[in-house]
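J.: sharing a sequence plus its predicted fold:
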Amino acid sequence: MIIYAIDRDGKFILINEKRPHEKEKVRLRFVSGHLEEGLSVLENANKELMEEIGLKANKLEVFFSLETSGTVNNKVYFVLASEFVEEKLFNPDGDVVLSIEKFTYDEMLKMILEDRFRWSSAALGFMRLHFLHRDKLR
């Protein structure tokens, strides 16, 4: 699941995260996580938001899902989150969030198109959001 958190100023909230086991030791990314058994997609989204950025969304919407099958079977939910209140949960991944960064819609689009934001499912979800909701997000 990938969560596109948008603050009251219309900026996307991303995190800089330590990834010592990966080639890039620090990466900029949207809040994301795995679905936990017993929780709905939206409950999971709020749990990840509270663990990673200390915010709980009062408004959540699944705007896209992508399912692949074959050699690798996977389903990714793309969630739009807004209307936040402060609420922090312990992050079981430890102290991996180095900073919280905010970007306008146009800054995000430019970073993706210029390949400064790693192409991944998160970039694909942003492009889907771009085509579905760009007028509301600008």
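T.: Sure thing, it's come through.
J.: could you pull out the strands for this protein?
T.: 2-6, 12-18, 26-32, 55-68, 74-86, 97-103 (DSSP state E).
J.: make a markdown table out of those strands and add mean pLDDT and mean neighbour count.
T.: Just so you know, the C-beta spots here come from the backbone N, C-alpha and C atoms, and that holds for glycine as well. A markdown table is the format used below for the strands of the chain (pLDDT from 0 to 100; neighbours: other C-beta atoms under 10 Å):
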| stretch | mean pLDDT | mean neighbour count |
| --- | --- | --- |
| strand 2-6 | 97 | 24 |
| strand 12-18 | 94 | 19 |
| strand 26-32 | 92 | 20 |
| strand 55-68 | 94 | 15 |
| strand 74-86 | 95 | 17 |
| strand 97-103 | 95 | 14 |
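J.: just give the nearest non-adjacent residue to Phe90, would you?
T.: Glu51 (7.0 Å; C-beta to C-beta, 6 or more residues apart in numbering).
J.: pLDDT score assigned to that neighbour?
T.: On pLDDT, Glu51 comes in at 96.
J.: count of residues packed around it?
T.: Per other C-beta atoms under 10 Å, the neighbour tally for Glu51 reads 17.
J.: can you pull the contacts of the nearest residue to Leu66 once chain neighbours are set aside?
T.: Among residues not flanking Leu66 along the chain, Val76 sits closest, at 4.9 Å (C-beta to C-beta, 6+ apart). Counting by C-beta atoms under 8 Å, 6 or more residues apart in numbering, Val76 touches 1-2, 65-67, 121, 125.
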